[in-house]
Structures are given as C-alpha cells and as structure tokens.
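Q: With the sequence up front, the predicted model follows.
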Amino acid sequence: MSDRFDLRRLVNHDANLVQLVVLTVVIFALMTALSPEKFLRAYNFESMTFLAPELGLLSIAMMLSMITGGIDLSVIGVGNLAGILAGLFFHAMGGTHGPALAGLGGGIIAIGVAIAIGTGLIAGFINGVLITKLHITPILATIGTAQLYVGICLVLTGGPAVVGFPNGWDAIGNTKLFGLALPLLLFLAVAALTAVLLTRTPLGINLMLIGTNARAALFAGIRSGRAVLVSYVMSGALASIAGILLSGRVNAAKADYGTSYLLEAVLVAVLGGTNPSGGKATVLGVVLALTALMLLSSGFQLMRFSNFLVDFIWGSFLLIVITINAFRNRG
C-alpha cells in the first residue's frame, strides 16, 4: 500500500519525470527494433558510459545557472581552457611527449586537477560578478566570457590541440572502477551531491526561490546576489571537471572541442524539467533526459545520420520542448 502511495505521489509531484521514463523506454525500444544487432552490443552501452558523463556534467552546470533564470553559455570554453592549462602544465613538467610526460606521478596529476578546477572556479566567479555586480544580462555576459575563454585558449595554443597527457590523467577518462566506467561514477557522485544541495540545503532552496520570484526572495531577506554568484561558480567548476574527463578520454585538449555539447546541454537541462525562466529543476530529470538523449544519439550514429541532420533534430527538439513547457506553465 505504501509503495502505491509513493508512486502516486511521485506522479502527482512531477509528471515530467514519468514522461521522461516513458520517453527513454520508447527510444530504447525503437532503436532496438531498428538495429538490434548493432544497438544491443555491450560495447555500444559501455562507450556511452564513458561519453555521457561529459555531457551530463555540462547539463547539470547549465541547470544550476537556469535555476535562477539565467544561463551559462561559457561552459564549453571553460572546460577546454581547464584542459589546456592542465596540459600545458604537464608539458612544462615532463616535456611535450615521451616517457617523462607519460610517467608523471600522482602528485603532479593532483596539481593538474587543481589547476583545471581552479580555472573553472575563477571563470565561474567572473561570470557571477558580471551578472550580480555589474548587472549584465546572463546570456550577454556568458556569450562574452565564452569568447574570452576561447580566445585565451587560442592565444595559449596558437590553434592546434595540446596533445599528450600523463597516463594518470588518461586513466581518469578511460578506466573502470568496480566494473563501471570511472567517468560514470564521478558523474553519479556529482549528480547525487547536487541533488542534496538543491533539496536539503539553504543555498539550494534559496536558488529555487530566487528563480521563482526574485522580488519576493529579496523581501524575504535572501542575499540573492551572493547565491547567484555561487551558482555560477559551481557551474564553472562542473564545466572544468567535464574538461578533465574530455581531455583525459581523448588525450588532448583544444579550443573547439565539444562545441556540439552546448546545444545538447541546454536540451538535456530543459528536457529534464528545468524551467529556463527559473524556479524549477531536478537532477533526476536531467539524468533521465541525458539517458534518453544518449540512447537516441547512439542510434543516430549507428544509422549513420549526417551530423548536420542531427544538429537540426536537436534544435527542433529543443524548440518543441520549450513550446510544450510554455503551454504547460500557462495552464
């Protein structure tokens, strides 16, 4: 009886989660029917567990900025800058290639991780200051900083990729732990911590209130500027972790890596139930939307869809989801 009540309460609380589960099942069944011999291979699902965390982290970063009614369009630039700075540090320590670079120890790897995450924190802080202190519209502020961070990447590298990372760094993006992809475990840990932050801490509750009604939050004594600033700092940190996973997986970092992730991160966040106007978001919704999108993307690749057609489908899908959510919110 209690199980039935909990299910009913879940459906009543957020029908979007149920719809996402249904969507995921439908996509899985469709792709299985279209190409069972390719889609159901163990290698296909294993590769998704290494690829999905990068997009998942960027989607959660996007969700954190959207909660307050903003957006962070600089996440790709932040992630690439984090990977490039770490790569240049490793080259300075062990050369551009060879055994000395590959064999750099755990202490150097830890410093590289600190450099990457520190880059994300600083970049997120800059975004937050522009938005909360200078009152620049989030979309304009983060478009500007996105170009700034990409420009820094190009100045540092001259355009080509920074190729060659220590074995320990590559292991972050390519190894398994307890039989599961390490990037997947890192993503799940971040998702769980973010869910607790949003639902169980004053900061998370304040962010939701600010997004729902910023004026009411101000009268309630909430320090809106400080909370929004922290949300963009967290967004930058998550983007830098995504940059670590990406550079570790491909053993390289470049200014334009992962550019398609930007549209997909927005799509995952919105499809996962995040209100672009602020005030509503669930980490579980983002995880379900990510799963559905990765299954669909894998199916597209197996059927050899053109990349241009896939971009058209993602853009159309995003517009449809936003339109449906707009009508639902009016109702």
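A: Thanks, I have it.
Q: Is the closest residue to Gly77 other than its chain neighbours in a helix, a strand, or coil?
A: The shortest distance from Gly77 to any non-neighbouring residue, by CB to CB, 6 or more residues apart in numbering, is to Tyr149 (3.3 Å). C-beta: built from backbone N, CA, C; applies to glycine. State at Tyr149, reduced to three classes by DSSP: H, G, I helix; E, B strand; the rest coil: helix.
Q: can you pull the contacts of Tyr149?
A: Tyr149 is in contact with 74, 77-78, 80-81, 123, counting by CB atoms under 8 Å, 6 or more residues apart in numbering.
Q: among those, who's most crowded?
A: Val78 (34 neighbours; other CB atoms under 10 Å).
Q: Which SSE is immediately downstream of the helix or strand of the chain with the lowest mean pLDDT?
A: When each helix and strand of the chain is scored by mean pLDDT, DSSP states H and E, helix 2-13 comes last, with a mean of 48. Going down the chain from helix 2-13, the next helix or strand is helix 15-34, by DSSP states H and E.
Q: List the buried residues of that following helix.
A: 16-17, 20, 23-24, 27-28, 31 (16 or more other CB atoms under 10 Å).
Q: any chance of those in JSON lines, plus distance to Thr137 and pLDDT?
A: Below are the buried residues of helix 15-34 laid out as JSON lines (distance: CB to CB, whole Å; pLDDT from 0 to 100):
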{"residue": "Asn16", "distance to Thr137": "27", "pLDDT": "77"}
{"residue": "Leu17", "distance to Thr137": "31", "pLDDT": "84"}
{"residue": "Leu20", "distance to Thr137": "30", "pLDDT": "86"}
{"residue": "Leu23", "distance to Thr137": "32", "pLDDT": "85"}
{"residue": "Thr24", "distance to Thr137": "34", "pLDDT": "89"}
{"residue": "Ile27", "distance to Thr137": "35", "pLDDT": "87"}
{"residue": "Phe28", "distance to Thr137": "39", "pLDDT": "90"}
{"residue": "Met31", "distance to Thr137": "39", "pLDDT": "87"}
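Q: Let's have those in TSV, adding distance to Ala269.
A: Below are the buried residues of helix 15-34 laid out as TSV (distance: CB to CB, whole Å):
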residue	distance to Ala269
Asn16	12
Leu17	14
Leu20	13
Leu23	15
Thr24	16
Ile27	18
Phe28	21
Met31	23
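Q: Look up phi and psi at Lys176.
A: The phi/psi pair for Lys176 (degrees, to the nearest 10) reads phi -110, psi 150.
Q: what's the neighbour count on the closest residue to it other than its chain neighbours?
A: Closest residue to Lys176 apart from its sequence neighbours, by CB to CB, 6+ apart: Leu182 at 6.4 Å. Counted by other CB under 10 Å, the residues lying close to Leu182 total 20.
Q: now swap in Phe312 and tell me
A: Look at Phe312: counted by other CB under 10 Å, it has 12 neighbours.
Q: Name the spans of the protein whose pLDDT lies under the cut-off.
A: Counting by pLDDT under 70, the chain has low-confidence residues at 1-14, 328-331.
Q: give the contact list for the residue nearest in space to the middle of it.
A: Computing the C-alpha centroid of the chain and ranking residues by CA atoms, centre = their mean puts Leu58 first, at 1.3 Å. Leu58 makes contacts with 75-76, 79, 238-239, 242, 258, 261-262, 265, as judged by CB under 8 Å, 6+ apart.
Q: For the closest residue to Leu177 other than its chain neighbours, give its distance to Glu264.
A: Closest residue in space to Leu177, ignoring its immediate chain neighbours: Leu185 at 5.8 Å, by CB to CB, 6+ apart. Computed with CB to CB, to the nearest Å, the distance linking Leu185 and Glu264 is 22 Å.
Q: Can you flag the buried ones in the contacts of Leu58?
A: For these, a burial check counting by 16+ other CB under 10 Å picks out 75-76, 79, 238-239, 242, 258, 261-262, 265.
Q: Show me the residues you listed that map onto helices.
A: Mapping the buried ones among the contacts of Leu58 onto helices (DSSP state H) picks out 75-76, 79, 238-239, 242, 261-262, 265.
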